[in-house]
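*Asks:* Sharing a model that was predicted from the sequence below.
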Amino acid sequence: MSDIPIISADMGADAPKVALLQFTRMVAGIGLFPTLITIIGHRNGLKNNTDEQDKHVSPLRPAKSNNPTAIVFIQSITVAAAGGIIGKLLKIPAGILLFSMIGVICLKLLFNKAYMPFWAKRLAQALSGSYIGCSIGFKDVLEMRYLILPAILVVLGYFAACCILGKILSKHFGMSLKEAMLVATPAGASDMALISSDLGVQSTHLMVLQIIRMIVVVSLFPQIIYFIVTFIA
């Protein structure tokens, strides 16, 4: 919801429209899809099925790290800033966000010292919201009525993909249908962790695949879209 509109603005797209459709996706992924998945799961005899629990893989436990300090936070910000500068100089689509993310991931994996305090996360969200909000004018608000049909198509497309991918994952990779559809649900990794727990699905696979999806969407998709728009369209 916050990353994609910023990336779209960086690539010259209409950020307000992207933000609205991403908001529609987020609302559908959190508010609508879990209910539909539960109904489908019940119809397939999955209600109160304890086989949905991931018994073979222990829950992911983060590695123990040093106590978070201001120094570690400054190190994380410095690495992120350096990565963003590199991405800007390379002129890669969404390169600032991409290289910042890669730099902090490497810092975390190699030294286990990356740290972002809660207030900094909230500040980042406020700044990204302000950036997107400043780009929306009255003309953009009037044009929102033309996005009703695209929003419906986006939700229907995501739900169709969720059902199809859920069936494939359930059939070929040993997942229950409910777990597989939750894996394919277009919502945030943290949101799906809470939702899946409420639905009785405790799966390490679900969390890992949602995190991979998030990383790929932010890092790889902008490059693919740029290539399609530049060389194919």
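*Replies:* It's in. Numbers count the residues shown, from 1 in each chain.

*Asks:* show me where the protein has helices.
*Replies:* 3-10, 15-27, 33-43, 70-90, 95-111, 118-134, 138-143, 148-172, 177-183, 189-198, 204-219, 221-227 (DSSP state H).

*Asks:* Just name the shakiest helix or strand of the protein by mean pLDDT.
*Replies:* helix 189-198 (a mean of 75; mean pLDDT, DSSP states H and E).

*Asks:* tell me which residues in it are buried?
*Replies:* For helix 189-198, a neighbour-count test (16 or more other CB atoms under 10 Å) marks Ala189, Met192, Ile195, Ser196 as buried. Placement of C-beta: from N, CA and C, glycine included.

*Asks:* Off-centre distance for stretch 157-164?
*Replies:* Relative to its chain's centre, stretch 157-164 lies at 16 Å (CA atoms, centre = their mean, to the nearest Å).

*Asks:* List the buried residues of it.
*Replies:* By neighbour count on 16+ other CB under 10 Å, the buried set for stretch 157-164 is Tyr158, Phe159, Cys162, Cys163.

*Asks:* For burial, what's the neighbour tally of the spatially closest residue to the first one that is not a sequence neighbour?
*Replies:* Right, the one you point to is Tyr158. Spatial nearest neighbour of Tyr158, chain neighbours left out: Pro186 (4.9 Å); criterion: CB to CB, 6 or more residues apart in numbering. Residues lying near Pro186 (other CB atoms under 10 Å) number 22.

*Asks:* What's the per-residue pLDDT of Lys64 here?
*Replies:* Reading off the confidence values, Lys64 has pLDDT 49.

*Asks:* same thing with Glu52?
*Replies:* 42.

*Asks:* cool, His172 as well?
*Replies:* Reading off the model, His172 has pLDDT 91.
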